[in-house]
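>>> Sequence and predicted structure below; questions after.
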Amino acid sequence: MLTGRVAGQAILGRYGAAAVAGATGRTLVTTVVEGGQARVALDGPPANALSLEMLNAINEAMKSAMADDEVKGIVLTAAKPGIFCAGLDITAMYGADQESATVFWRAVQDAWLNMYTCPKPVVSAINGHAPAGGCLLAICTDHRVMGNDGGFAIGLNETQLGIVAPPWFARPYADLMGQRNAERHLCLGSMLSADDALAIGLVDDLVPTADVVETAHATLAQYIAIPAQARAMTKAMMREATVRATLGTQEGREADLGRFLALVLSDPVQASLGKYLKALSKRKSKSK
Amino acid sequence: MLTGRVAGQAILGRYGAAAVAGATGRTLVTTVVEGGQARVALDGPPANALSLEMLNAINEAMKSAMADDEVKGIVLTAAKPGIFCAGLDITAMYGADQESATVFWRAVQDAWLNMYTCPKPVVSAINGHAPAGGCLLAICTDHRVMGNDGGFAIGLNETQLGIVAPPWFARPYADLMGQRNAERHLCLGSMLSADDALAIGLVDDLVPTADVVETAHATLAQYIAIPAQARAMTKAMMREATVRATLGTQEGREADLGRFLALVLSDPVQASLGKYLKALSKRKSKSK
Amino acid sequence: MLTGRVAGQAILGRYGAAAVAGATGRTLVTTVVEGGQARVALDGPPANALSLEMLNAINEAMKSAMADDEVKGIVLTAAKPGIFCAGLDITAMYGADQESATVFWRAVQDAWLNMYTCPKPVVSAINGHAPAGGCLLAICTDHRVMGNDGGFAIGLNETQLGIVAPPWFARPYADLMGQRNAERHLCLGSMLSADDALAIGLVDDLVPTADVVETAHATLAQYIAIPAQARAMTKAMMREATVRATLGTQEGREADLGRFLALVLSDPVQASLGKYLKALSKRKSKSK
């Protein structure tokens, strides 16, 4: 399974430069509603990095879908196959001051709350790589369908960058793969192949990438077929302990923010992020 | 695995009409003790539905087995193969008033406590379908042997009826199959085939239905061979957190009762139960 | 899987007589440091039983490795293949008075804390049988490599002796194999074959016994390659709840000590230990 880690490093090499916010003003998330199902597609080329703008766009799309009575469930996917989501925008953290880092992290927290506590069912159509924050979005949904023919990798690989995935990343991860697998893959910062992800429960179904979105909609229909209130109460019950222990209270959110700021604004982490961005930039120039 | 859900719906169609209490006065549970092992058999045709009378009979049988020094362990089974237990008696909840619903639910709570905290080992011989409350009985025992040749299905499929399985159903379920499998199958109200149940840990062993009871007694002998006090203390230690968080205190029991009454006596749930009973009744007439 | 238990009894029969402390004065643990990796080898023939002397030696070795900046990670193994560690020294508990039992148990607690909370990665090279306390050492490390050609068995088989594995044994066990597998195998006191241990996650990798140490060092290198602080913080985060709930506070340690003393000094447990030692002694004489 450790081969996944190597694959992950390759991905960061190939796509890491994309982990920069899309230009402001561009539409970063598109939502289509059909037959009671919303499809929320991340559309921030080249890598759907979670910049502040992208996070705000995701949060808006989720709130709209939750407020729309016509929408009975949501499929989350990338507008273009290849990269589901490259994770948090490194440039939003490198060189950030306390204020901008605070605004950014609050948007990450909001995205987690919108996704993880959504009373409507959400199915991920993972049609590309999903490192770090990209993996986080997927593990907060109800069900994960992944493409098995693109060499895609998925995982919370934060430690590779010298960062620590907080408990609200780690607990849903452990809920999918068990405590030991989560400890191992979080400590090693593993990026897992689709097959390895399926084997340990990180994803639920593998299909050809061309069929991921359609399969996700069909799966969502199974969730929608269940009496909505009972299903939503059951989901909330199963996730209650994690929500309460992490971001479920204002106190919990502030404590988490404080830990993030202390870590991300520290010299060693800034140095690590800077080194990483420099390496990406060099690779980018070479490939021109 | 989702095919199981379809199977479950078929089962409810075929056997749901049986989910009505056996006639008062009839012996609903028989206990045989042989070689230090008690066999407690549910005998409430046609479906061993958990009516108030059946629950009281189960609770009496468990208390007797616990108090009998000759009994070192218990096998729980159905007197006749086909339906292990069809679950809670819908007619005990449909049109119920506060008082009768209270008496009924307290009997369900007692059954859970008697089964889940029994210091003697209990092995389920699942020789038939085990939806909802039938599944609950099985997951509270120490070990599950299931018949693999009857097309039997098992699962906590409450959401299919618009009901929510409370935490004392959900936690033991998750202890067997992991948090993610439990969330998925509780949300979908899945009924699982014997093979699927084995694959995720919901049952421990599959054998031909004709051998289920004998295998359960042989398995029970392995548990009985362990020094009794150390084994019982270990079981209690492993289940302590769930007991304490749910029905282990009078306060917890009352809070759970309050939530049940609020849900089951609500108009939407009553409507859902009524619709379900009507559908069963129609099917029953048609099949005459 | 229950065949493992039988295997375990055979092991106790063959090696149990060895569960006596090595002679005082002998070097019981050797440490070699090479290329940033320490190898801590238990060397207390014939069975690496955890006597007070052995526990003290292990604790010293761990503290030295933690304090040595050159050491980036640790491999824990047995100096000679055959028995990784036979578990707690029964003679340290049989006939013990309150004071000696207290000193002994505090050394066991220290060993757990040193191993389980070690900020440096630790990989077990399990090149022999690992019953009870031997299994405990292994499950406290970050990763387990086991020999698959020696007929070795591993497990927390305390109940077989009438003893109860406390929560700080049981929780890490459940973290590896899931709650249900842990309840089953703790209740039955199962000893598992290498194949069965791999299947349920009790160990991570199987290799020929001759390659166990080398493989453990190679695996350790993967852990060491990750930024050390982020990896250590992640490990601590994943283990925090268990540490806090058990031996993480002075209060918790004392409460645990009290429960141990009450149990181990009780007449039934003393009788059970005495019977066991007598049986071992007879077998030993016969085999001369």
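Ah, there it is.
>>> C-alpha only now, for contacts and for neighbours.
Noted.
>>> quick one, helices of the stretch 101-250 of chain A?
Along the stretch 101-250 of chain A, the segments classed as helices by DSSP state H, counting those that start in this stretch run A:133-140, A:167-177, A:179-188, A:194-200, A:212-224, A:228-245, A:250-264.
>>> If we look just around chain C, which residues of the stretch 101-250 of chain A are in range?
A:159-165, A:167, A:170, A:178-180, A:183-184, A:186-189 (Cα under 8 Å from any Cα of the partner chain).
>>> Could you list which of those residues also contact chain B?
Counting by Cα under 8 Å from any Cα, residue A:178 from those sit close to chain B.
>>> just the strands in chain A please.
A:29-34, A:37-42, A:73-78, A:82-83, A:122-126, A:128-131, A:143-147, A:153-155, A:192-193, A:205-207 (DSSP state E).
>>> among those, which is nearest residue C:283?
Nearest to residue C:283, of all the strands of chain A, is strand A:192-193, at 50.7 Å by Cα to Cα.
>>> Neighbours of residue A:124, how many?
The tally of other residues near residue A:124 (other Cα atoms under 10 Å in any protein chain shown) stands at 31.
>>> check contacts around it.
Residues counted as contacts of residue A:124 (Cα atoms under 8 Å, 6 or more residues apart in numbering or on different chains) are A:75-77, A:138, A:141-146, A:216.
>>> just residue A:203 next, same as before
Going by Cα under 8 Å, 6+ apart, residue A:203 touches A:143-146, A:194, A:197.
>>> so which of these is the most crowded?
When neighbours are taken as other Cα under 10 Å, the top entry among the contacts of residue A:203 is residue A:146 (32 neighbours).
>>> Quick check: which ranges of chain A have low pLDDT?
For chain A, the stretches with pLDDT under 70 are A:1-25, A:286-288.
>>> who in it is up against chain B?
Neighbours of chain B within chain A, by Cα under 8 Å from any Cα: A:142, A:175-176, A:178, A:222-223, A:226-235, A:237-238.
>>> rewinding a little: which of the contacts of residue A:203 sit farthest apart?
Within those, A:143 and A:194 form the most distant pair, 14.6 Å apart (Cα to Cα).
>>> Skipping adjacent residues, who's closest to residue A:207 in space?
Closest residue to residue A:207 apart from its sequence neighbours, by Cα to Cα, 6 or more residues apart in numbering or on different chains: residue A:147 at 5.2 Å.
>>> Now for that neighbour: which residues touch it?
By Cα under 8 Å, 6+ apart, the contact set of residue A:147 is A:126-128, A:194, A:206-212.
>>> Kindly report the same for residue A:201.
By Cα under 8 Å, 6+ apart, residue A:201 lies in contact with A:176-177.
>>> Swap in 10 Å and give it another go.
A:144, A:173-178, A:181, A:195, B:180-181 (Cα atoms under 10 Å, 6 or more residues apart in numbering or on different chains).
>>> same question, residue A:111
Taking Cα under 10 Å, 6+ apart as the contact definition, residue A:111 lies against A:55-60, A:62, A:105, A:136-137, A:140.
>>> sorry, back to before: gap between the residue nearest to residue A:207 and residue A:175?
Between residue A:147 and residue A:175 the distance, using Cα to Cα, to the nearest Å, works out to 22 Å.
>>> same check, this time on residue A:112
Distance, residue A:112 to residue A:175, using Cα to Cα: 15 Å.
>>> I'd like to know which of the contacts of residue A:111 is nearest to chain C.
Nearest to chain C out of the contacts of residue A:111 is residue A:136 (Cα to the nearest Cα; 16.1 Å).
>>> before we move on, the earlier item: closest to residue B:50 out of the contacts of residue A:124?
residue A:142 (31.9 Å).
>>> was I right about that closest one contacting residue A:125?
No: applying Cα atoms under 10 Å, one finds residue A:142 not in contact with residue A:125, separated by 11.2 Å.
>>> so what sits against both of the two?
residue A:75.
>>> which one of these two has more residues nearby?
Neighbour count, other Cα under 10 Å: between residue A:142 and residue A:125, residue A:125 has more, with 28 against 25.
>>> ends of stretch A:77-89, how far apart?
18 Å.
>>> quick check, it touching chain C?
No: applying Cα under 10 Å from any Cα of the partner chain, one finds stretch A:77-89 separated from chain C by no less than 17.0 Å.
>>> Check the offset of that stretch from the chain's centre.
9 Å (Cα atoms, centre = their mean, to the nearest Å).
>>> for stretch A:28-36, same thing?
19 Å.
>>> returning to what we had before: which single one of the contacts of residue A:147 is nearest to residue A:85?
Relative to residue A:85, the closest of these is residue A:128; by Cα to Cα it sits at 7.5 Å.
>>> re earlier: I'd like the contacts of residue A:124 laid out as CSV, including distance to residue C:66.
Listed next are the contacts of residue A:124 as CSV, based on distance: Cα to Cα, whole Å:
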residue, distance to residue C:66
A:75, 48
A:76, 45
A:77, 46
A:138, 38
A:141, 40
A:142, 42
A:143, 42
A:144, 41
A:145, 43
A:146, 42
A:216, 49
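>>> related to what we said a few turns ago, would you mind checking the contacts of residue A:147 for buried ones?
Neighbour-count burial (16 or more other Cα atoms under 10 Å in any protein chain shown) applied to those gives A:126-128, A:194, A:206-207, A:209, A:212.
>>> Which residue comes closest to residue A:260 once chain neighbours are left out?
residue A:105 (7.9 Å).
>>> just residue A:143 next, same as before
Sequence neighbours aside, residue A:123 is the residue nearest to residue A:143 in space, at 4.8 Å (criterion: Cα to Cα, 6+ apart).
>>> What is the neighbour count of that neighbour?
When neighbours are counted by other Cα under 10 Å, residue A:123 registers 29.
>>> Cheers, nothing more for now.
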